[in-house]
Every structure is written in C-alpha cells, then in structure tokens.
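J.: sequence and predicted structure, then a few things I'm wondering about:
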Amino acid sequence: MKNSRSSIALLLFFMFLSISFVYPAKKKQYKPCKQLVLFFHDVVYNGHNAANATSSMVAARDGVNLTNLGDQFHFGSMVIFDDPITLDNNFHSTPIGRAQGMYFYDTKNTYTAWLGFSFVFNSTDHQGSINFIGADPLMNKTRDISVVGGTGDFFMHRGIATLMTDSFEGEVYFRLRVDIKFYECW
Amino acid sequence: MKNSRSSIALLLFFMFLSISFVYPAKKKQYKPCKQLVLFFHDVVYNGHNAANATSSMVAARDGVNLTNLGDQFHFGSMVIFDDPITLDNNFHSTPIGRAQGMYFYDTKNTYTAWLGFSFVFNSTDHQGSINFIGADPLMNKTRDISVVGGTGDFFMHRGIATLMTDSFEGEVYFRLRVDIKFYECW
Amino acid sequence: MKNSRSSIALLLFFMFLSISFVYPAKKKQYKPCKQLVLFFHDVVYNGHNAANATSSMVAARDGVNLTNLGDQFHFGSMVIFDDPITLDNNFHSTPIGRAQGMYFYDTKNTYTAWLGFSFVFNSTDHQGSINFIGADPLMNKTRDISVVGGTGDFFMHRGIATLMTDSFEGEVYFRLRVDIKFYECW
C-alpha cells in the first residue's frame, strides 16, 4: 500500500513536471521570451536632400514622379530604405544597426503601407538580423506586424513588432518606435 | 504484485496521455487548428478605370508602360493592391476586410507571380491581420503559399493558403478564392 | 521494496524518454532536421542579352535607367528574377527548379540587397516550394536569411539559408550557393 502511494505521488509530481515542459511559454500564456525597444529614422529623398536622405522612391503609379510621394495618399509609391537604428529617439545617436528594406503605400483613401524589411546588427550589442513583414495602417497609434524569422542572436525567432510613429516632419522625415516581442526564442 | 501491476497500468496510461500532449496537432497528423475560406477581388488600373480600380502597376521592365501589363507574360510587371475581401464570390458583397500588398509577374514563358501581402480585418468577425508570401503559378488550378505570421485574432499563427482563380476578365479583373488552413494557432 | 524500486526505475526511464520527445531537434541543440545545398544563376538583362537574361530591373531611383544597375552601389535598383536552380555550380546543368522573386539593392555606400523569393520545385526530386526573406550583405563571404515557410514536400518548414556568392561576372551574371538548413520539418 505504501509503495503504491509513493508511486502515485511520484507520478503526479512527474505529470506536473511534464506539463510544464510541454507548454513552456508557448501555449496560452503569451509572455515574451525576449524584448527589444528600438527606433529607426527615415529621411526620404525629395530631389534636394541627397546628402541626408536614407531612402528613395523607386516606383510609383503612372504619372507620379520619383521625387514626390504623390497624391491619392501616395497610393502605389514604393520606397527602399537603409535607415539608422538607435536606442533612443535621437536621430544623432550612434546607430546600433540598420533597418533595410522597403515599404509602399497601398490605399487610395487613407495612409496605409506594407512593409518588408530587416534589422541588421553587427555590434557588441547584437549580431545577426530580424526579418519583418506586415501591414501598417499609419493613422493608428499602434500597429502590429510579424517577426517571421531571424539569424545570429535571433536564430529562428518569431514574434510581433508594434510600430508607433514617434515623429514626422512633412513627407521628408519620420521616426518609428518599434517594440519587438519575441514569443519563440530558441 | 498488485501494486506493481497498477503502477505499470498507470504508467502506460500516462505514457499515452503524455504522447498526446507532446504531439497536439503539430506532428504528423496535420489537421488545421483553424480554417477560413475567403475571396478577394482585384481590379487593375488600365488608364480608363480610375474610379473602380483597386490596384495599380507601379513598376515594369524597360519599355513597358504602367497602364498595360505588357508582353512576355507580363514578366517584371509589379502591382500594388488594396482589394476588398468578401465571404462569397460576389464583388458587391460587403467587404469584411482588405487584402493589401503586392504581386509581380516573374516568368517570361508562362504566367507566374510572386505575392507578398496581408489580410487586414477590423470588424466584428475578425480583428487583426494575416501575413502571406509565396510563389503563385497562376495556370495551376490550386497553388499553395505560406501564412508566415499574424496579429490580433491571428496572433503568431502559421499555415498554408491555397489560392484558386475563381474568375477573371481579360487583364482587368480577377477574383481569388483563398482557403486558409492554420496549423499553428497559439 | 522491490516493487517500489522497479517503479522508480521505470519512471526514470520514462522521464528520459519523455524529455527526448519534448525536445526533438527544436530546443538548444539546433541540429537541422533536413538539409539542401543548391545553386542558382542570375543573368540580369542589360539591354543586349534578351535571349539569355533570367532577370530584369523593374524599378530604380529617379534618373537611373532600367538597363544598368546604376551608381551609388545600385541603391534603389530592384530586379525581378526567374533563375534556374541546379545541383552543382554549372549553369548548363539540368535545372531541378526555379528561384522566383525579387531583390533590391539598399545601401548607398556598399553592396547590400534585400531578398524576397521562393524556390519552386516540380520534379521527381522535390515537389513544392520554399519561401525566403532576408537581408543580404553581399560583400560578406556568407550571409544568413530566413526560410519562413514552405509547401508540398516542405510543408510548414522553417530554417536558415546561408548564401555564398559562388561566382560573378561584372554586373550581368552571378551564381549563389544556398545551404538550406531546416530546423522545423513537420
């Protein structure tokens, strides 16, 4: 009888252990296994700022030229960028990496964009890259896109990045705050 | 002896339980944890349909203009779209969301495209977004692309979307049926 | 006492078994569950090689034409491609699939690109597709991008692809060696 009881106790203990192994941050609790808050800064080429520009329009609707984002809420205008990533909201802070990729405006009656880009790190802080895609309804205070993969320090990571427009100046400069929450960390 | 037998029975029972925990829809059975069947409708701008067009060419090969998809099976022509998503195959049904992103034709000797886009929902049915990329060999009856992430109701989801051309009219209108099967649901 | 001991032995054995079930190539050991080494070949259209070209510029910065990748390290130039995939480094080997998608150059002061593409297979070797995105700092000997999904034989796969420039001839031809390591295989 005693034997049986201790066996059952062990079993229950192990059952508990096993369950906590099987659901380790993945199922139903949704606590990030890693978090980063970063800023990046985009200066769009407008025909007069070649020295400072970090991005450039490369495609647009018929009749829209490439030095002006165009009417109809910039619908169809595509921008390729290589933007500095900083730890705070200061454009002049030392970059800790580069945000490289593209966005394009994709609605005729409001400002929305679609993003495909990477954060590329090569510093003592971080090595490797984080890859993002997703829809960005710019007029919302916060917008969620997908972290679909990563390399180096971010090997195989997945998660959600929340974008916030931290500042913008006309159609030339904007700064995004990016809250990255990884839910798969490896 | 009795104790031992019942311990072994318990162990076997638990073994079974444990295995069903560890392989919970993920390994080897491939049953979707969630499914959606939706339609979206693309009306390409051709120079004469500005009011109705939901998409526009924004890039093309040298010598191809932006109001005509061009020869060589449209090779190189890129389209940015903001298409209504409906529950049935009727263009005039109330949209439940928007399909936003891009596609481009990428073969010289047949019709194939590459897609990068999101389904964006903001209704009582669904909140959030689903992000897709993949190759679309248009001439096949069904084509599979990847669901690489999601946000909101589709937080961290992954899966497969099967595309079917449900209708097309010349080079101006097409309707895609999309069967989304999620295999990672969180 | 004997019963109890054998129960504990069984438990320990099972514990070991269970742990190896729960961490099956996913956690902390990082052994690929599948590997592929492939090559693909890109011949960029330059105005004079229409017959051989497998890719074409379709977008660029203001003032850059579409038959020349342009100055400033090709910043902003976007190329759409449909490149043969081969098992060895010989351009004339029988292709086993097609690499279809886009890349664009995205830095003004060195060669870097951003890639979004698929490997599309329809042969006895492989059926299905593999979808990739990521940053490609071309001047590095090896560069890692993300495998974000797959279909067919590569259903739901994820992993890392390591790119190596195996050869290049001016701005017209390059060959990439791609080491694909899948870490999620389904």
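T.: Sure, I can see it. Numbers count the residues shown, from 1 in each chain, chains lettered A, B, ... in the order given.

J.: now residue A:101, nearest residue through space, not along the chain?
T.: Spatial nearest neighbour of residue A:101, chain neighbours left out: residue A:117 (2.4 Å); criterion: Cβ to Cβ, 6 or more residues apart in numbering or on different chains. All C-beta spots, glycine's among them, are computed from the backbone N, C-alpha and C.

J.: now the strand or helix carrying that neighbour, how far from the centre of its chain.
T.: Assessed by DSSP states H and E, residue A:117 sits inside strand A:113-122. Counting by Cα atoms, centre = their mean, to the nearest Å, strand A:113-122 is centred 7 Å from the centre of its parent chain.

J.: what about the residue nearest to residue A:101, neighbour count?
T.: A count of neighbours around residue A:117, defined by other Cβ atoms under 10 Å in any protein chain shown, yields 26.

J.: pretty sure it is touching residue A:99, no?
T.: Yes - taking contacts as Cβ atoms under 8 Å, residue A:117 lies within contact range of residue A:99: 5.8 Å.

J.: what is in contact with the two at once?
T.: Common contacts of residue A:117 and residue A:99, defined by Cβ atoms under 8 Å, 6 or more residues apart in numbering or on different chains, comprise residue A:81.

J.: what residues are up against the residue nearest the centre of chain A?
T.: Centroid check for chain A by Cα atoms, centre = their mean gives residue A:161 as the closest residue, at 4.4 Å. Listed by Cβ under 8 Å, 6+ apart, the contact partners of residue A:161 are A:132, A:134, A:144-147, A:178-181.

J.: tell me the SS of it?
T.: Here residue A:161 is strand, with the state taken from DSSP: H, G, I helix; E, B strand; the rest coil.

J.: need the per-residue pLDDT for it.
T.: pLDDT for residue A:161: 98.

J.: now the one 3 residues further on
T.: Per-residue confidence (pLDDT) for residue A:164: 98.

J.: same check, this time on residue A:172
T.: Per-residue confidence (pLDDT) for residue A:172: 92.

J.: list the contacts for residue A:125?
T.: So residue A:125 contacts residue A:96 (Cβ under 8 Å, 6+ apart).

J.: likewise residue A:47?
T.: Per Cβ under 8 Å, 6+ apart, neighbours of residue A:47: A:67-68, C:62.

J.: equivalent analysis for residue A:129, please.
T.: Per Cβ under 8 Å, 6+ apart, neighbours of residue A:129: A:118-121, A:150-152, A:154, C:134-135, C:144-145.

J.: is residue A:83 in contact with residue A:55, as I believe?
T.: Yes - between residue A:83 and residue A:55 there is a contact at 6.7 Å, judged by Cβ under 8 Å.

J.: common neighbours of those two, please.
T.: Counting by Cβ under 8 Å, 6+ apart, the residues touching both residue A:83 and residue A:55 are A:42-43.

J.: so what's the residue count around the residue in chain A that chain C sits nearest to?
T.: Nearest to chain C in chain A, going by Cβ to the nearest Cβ, is residue A:149, at a distance of 2.8 Å. Residue A:149 has 31 neighbouring residues, counting by other Cβ under 10 Å.

J.: close to chain B, is the helix or strand hosting it?
T.: Residue A:149 is part of strand A:143-152 when elements are defined by DSSP H and E. Yes - for a cut-off given as Cβ under 8 Å from any Cβ of the partner chain, strand A:143-152 has contacts with chain B, namely A:144-148.

J.: which pair in these spans the largest distance?
T.: Within those, A:144 and A:148 form the most distant pair, 12.9 Å apart (Cβ to Cβ).

J.: more neighbours: the two, which one.
T.: Taking other Cβ under 10 Å, residue A:144 and residue A:148 do not tie; residue A:148 has more neighbours (28 against 21).

J.: follow-up on the earlier one: could I get the contacts of residue A:129 as a markdown table with distance to residue B:50 and pLDDT?
T.: Listed next are the contacts of residue A:129 as a markdown table, based on distance: Cβ to Cβ, whole Å; pLDDT from 0 to 100:
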| residue | distance to residue B:50 | pLDDT |
| --- | --- | --- |
| A:118 | 35 | 98 |
| A:119 | 38 | 98 |
| A:120 | 39 | 98 |
| A:121 | 44 | 98 |
| A:150 | 41 | 98 |
| A:151 | 43 | 98 |
| A:152 | 46 | 97 |
| A:154 | 43 | 98 |
| C:134 | 37 | 98 |
| C:135 | 37 | 98 |
| C:144 | 44 | 98 |
| C:145 | 38 | 98 |
